[in-house]
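[1] sequence first, then the predicted structure, then my questions.
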Amino acid sequence: MKKSIISLLPLTFGLFIFSLILDATLTCAVAQPAIETKKAVVYLSDMKSLSPEAASYFMDKNKEGLHLMINGEEFKKGISINTNSALIFEIEGKYSTLKVVVGHDDAYLEYKGKLTFIIQGDGKKIYESKPLSAKQKEEISVDVTGVRKLHLIVNDDGLHSPFAVWANASLY
């Protein structure tokens, strides 16, 4: 009768399973772990902006200190920013995708202007929204592979809508 001894040795790249059968037969098999790795989500509102201190923006709330709202939908993460301004983030080429929902801040719906949202990577335009009215929002997903400096720009059409929202602005 043959007896076996099984030993599991955890290593950096998986598990090696050794089975030693007492009659001097040695077998070795490699089992790959079934671990799905998820990339961590990084919210821009948790990062420090390189924009001048004079820029009027608020992280995870609006100017009034309330949750961010676009067309009645509440967002716990994001940035409220004065129109006709930009935010700059150093992302050092670490991410591949930026996802964000953009629109007017519901606290200022009495203003009737249209907003355009522009995303630039290292000074090159990689996205521009259509002009959005007060009750419109747009979900954006753009490739930021290799981008070192990310610019979020919002412009109004001259009717001075005071604040725009970059909601759930996140890097993957």
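    Received it, and whenever you're ready, just let me know what you need. Numbers count the residues shown, from 1 in each chain.
[2] drop to CA atoms for contacts and neighbour counts, all remaining ones
    Fine.
[3] can you find the helix or strand of the chain with the lowest average pLDDT?
    The helix or strand of the chain with the lowest confidence, counting by mean pLDDT, DSSP states H and E, is strand 14-21 at a mean of 38.
[4] how about Asn84, what does it touch?
    Residues in contact with Asn84 (Cα atoms under 8 Å, 6 or more residues apart in numbering) are Ile153, Val154, Asn155, Asp156.
[5] reformat these as TSV; add neighbour count and secondary structure.
    Below are the contacts of Asn84 laid out as TSV (neighbours: other Cα atoms under 10 Å; DSSP: H, G, I helix; E, B strand; the rest coil):
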residue	neighbour count	secondary structure
Ile153	19	strand
Val154	25	strand
Asn155	19	strand
Asp156	21	strand
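[6] so the protein: which segments form each domain?
    Split into domains by automatic domain parsing, the chain comes to 1-35, 42-171.
[7] how close does Ser164 get to Arg148?
    Check again: residue 164 is Ala, not Ser. Distance of Ala164 to Arg148, given as Cα to Cα, to the nearest Å: 24 Å.
[8] swap that for Gln120, please
    Applying Cα to Cα, the value for Gln120 to Arg148 is 11 Å.
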